[in-house]
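Novice: Test case, fold it:
(one chain, ligands or ions: 3)
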Amino acid sequence: MDETINCANCHNPANMELRPYSEPLKDWLKRTNQVWDKLSRNEKRSLVCAQCHVEYYFQHADNGPAANPIFPWDNGFGPEDMYQYYKEHGKKDATGKPGPFVDFVHAASKTPIIKIQHPEYETFIDGPHGAAGVSCADCHMQYQRVDGKKVSSH
Ligand code: HEC
Ligand code: HEC
Ligand code: HEC
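Specialist: Ligands and ions are numbered 1, 2, ... in the order given. Okay, the predicted model is just below:
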């Protein structure tokens, strides 16, 4: 109970296969018609990390369940793609059209800001390693031999 990130975040406890646990990741897979079981092994070896190492936001009540966590990837993974997405996912104006999303207002200048979290997956997937089909686990969980068995360093 002290370890809030554990095996079940990435592994199906019944058979130890990699699986998605995070709701916003599962929602994004559904929106983009991707089925987990059909993804390549290396895609899974990165997407388990994309459960947490990503940008996300909490939905404004005007657009659906309040505070529902969502990955803002519908236009792509680049900063400009996400900026365009955010422009129309905030509080609705008088005409009922969603305005710009804001999750931080600077105390002194009152400037509305989008507070980007930790977009490791987005940075990676649009970079040379993502394009080449490398996975997060290839670098961060390198293979090692333990009693003659090849395992991924956890
Ligand atoms: C369930 C959420 C979750 C998942 C899944 C997850 N991480 Fe993390 N990761 C975290 C948190 C939380 C931290 C700690 C951040 C801190 O201490 O500030 C962290 C820390 C890290 C760090 C160290 C960062 C630092 O500042 O020292 C690395 C590297 C990392 N994770 C890589 C990965 C990789 C690679 C994967 C996939 C194999 C992964 N993580 C999956 C939540 C997650
Ligand atoms: C090509 C190898 C490679 C790939 C692929 C890769 N990383 Fe990294 N990552 C690194 C290296 C090297 C560092 C820098 C480590 C350092 O500065 O100590 C790093 C740094 C990080 C950090 C910050 C660690 C810190 O101490 O500040 C996080 C978090 C992280 N990576 C997560 C990920 C995630 C998630 C993925 C996949 C989406 C990924 N990385 C893909 C090699 C890689
Ligand atoms: C952040 C995600 C993540 C967490 C948390 C995690 N694993 Fe893994 N695990 C992976 C990845 C990625 C692989 C490599 C799978 C592959 O290459 O097909 C893996 C592979 C394995 C394997 C297969 C052998 C190997 O090493 O490649 C075992 C067994 C395993 N994990 C056990 C565990 C156990 C037990 C825990 C909890 C103590 C755990 N894992 C937690 C991501 C995770």
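Novice: need the helices for this protein, in chain order.
Specialist: Residue ranges of the helices in the chain, as given by DSSP state H, are 23-31, 41-47, 79-87, 120-125, 128-131, 136-140.
Novice: Output the ones you listed in TSV, with mean neighbour count, distance to ligand 3 and mean pLDDT appended to each entry.
Specialist: C-beta: built from backbone N, CA, C; applies to glycine. Putting those into TSV (neighbours: other CB atoms under 10 Å; distance: least, CB to the nearest ligand atom, whole Å; pLDDT from 0 to 100) gives the following:
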stretch	mean neighbour count	distance to ligand 3	mean pLDDT
helix 23-31	16	12	98
helix 41-47	18	5	97
helix 79-87	16	24	97
helix 120-125	20	12	98
helix 128-131	12	15	96
helix 136-140	16	4	98
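Novice: right, so of those helices, which gets closest to residue 59?
Specialist: Closest to residue 59 of the helices of the chain is helix 23-31 (CB to CB; 10.0 Å).
Novice: Now do the strands in this protein.
Specialist: In order along the chain, the chain carries the following strands (DSSP state E): 57-58, 69-70, 104-105, 112-113, 143-146, 149-152.
Novice: Skipping adjacent residues, who's closest to residue 77 in space?
Specialist: Setting aside the residues directly before and after it, residue 77 is nearest to residue 122 in space (CB to CB, 6 or more residues apart in numbering), at 4.1 Å.
Novice: oh, I was asking about residue 10
Specialist: Excluding its sequence neighbours, the residue lying closest to residue 10 (CB to CB, 6+ apart) is residue 48, at 4.2 Å.
Novice: Just want to check the distance between that neighbour and ligand 2.
Specialist: Remark: distance between residue 48 and ligand 2 (CB to the nearest ligand atom, to the nearest Å) = 9 Å.
Novice: these two touch, right, that residue and residue 17?
Specialist: No: checked against CB atoms under 8 Å, the pair residue 48 and residue 17 is beyond contact range at 10.8 Å.
Novice: Out of the strands of the chain, indicate the one that is most buried.
Specialist: Comparing these by mean neighbour count (mean count of other CB atoms under 10 Å), strand 57-58 comes out on top with a mean of 18.
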